[in-house]
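A.B. asks: turn this into a structure:
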Amino acid sequence: MTGPTRHKLLPDVPTFAELGYPEFTARVWFGLLVKKGTPAEMLSRYTEAAKVAHANPDVREKLQAQGFDVVAETGPQLLPNIKEQIARWGKLVKASGFTAEDRGSTR
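C.D. replies: Modelled structure (predicted):
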């Protein structure tokens with residue numbers, strides 16, 4: 001488990017951090033991202049639609065059954081996480097020497 005804590009669906013499975021590998025701590029997240037300069041009215045509409053979806057018991061239940069922890073964050077709340085992820089994983093990608101041109105195919 002790469003999360004910072006044990007997952008409620010797999011409470012007996014230790015996290016990588018518990019096993020001595022804290023550098024493998026990561027969380028999966030999904031967000032609605034829009035182009036910079038999107039009108040405030042549109043941002044408000046998207047935010048409200050996401051809030052309605054997050055509040056829907058059927059949506060929450062289905063996501064939780066798949067192992068997701070549903071956390072409704074707005075752009076200002078999510079932005080620091082995005083910046084931290086770019087800094088963290090950007091260093092790893094740079095250190096690996098991988099480039100977009102290396103994406104190749106095994107076909």
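A.B. asks: number of nearby residues for H54?
C.D. replies: A total of 14 residues lie near H54 under the criterion other C-beta atoms under 10 Å. The C-beta positions use only the backbone N, C-alpha and C, and glycine is treated the same way.
A.B. asks: quickly note the distance from it to R88.
C.D. replies: Using C-beta to C-beta, to the nearest Å, one obtains 26 Å as the distance from H54 to R88.
A.B. asks: please name the nearest non-neighbouring residue to the most centrally placed residue in the chain.
C.D. replies: Compute the mean C-alpha point of the chain, and by C-alpha atoms, centre = their mean the closest residue is W29, 1.6 Å away. Distance criterion C-beta to C-beta, 6 or more residues apart in numbering; nearest residue to W29, sequence neighbours excluded, is N81 at 6.9 Å.
A.B. asks: list the contacts of stretch 77-97.
C.D. replies: With contact meaning C-beta atoms under 8 Å, 6 or more residues apart in numbering, stretch 77-97 is reached by 29, 31, 73.
A.B. asks: closest to G37 out of those residues?
C.D. replies: Set against G37, the nearest of those by C-beta to C-beta is G31 (17.8 Å).
A.B. asks: give the residue spans of this protein that score low on pLDDT.
C.D. replies: The model of the chain has pLDDT under 70 over residues 102-107.
A.B. asks: 90 instead?
C.D. replies: Counting by pLDDT under 90, the chain contains low-confidence ranges at 1-4, 7-10, 22-33, 51, 54, 64-79, 81-82, 84-85, 88-93, 96-107.
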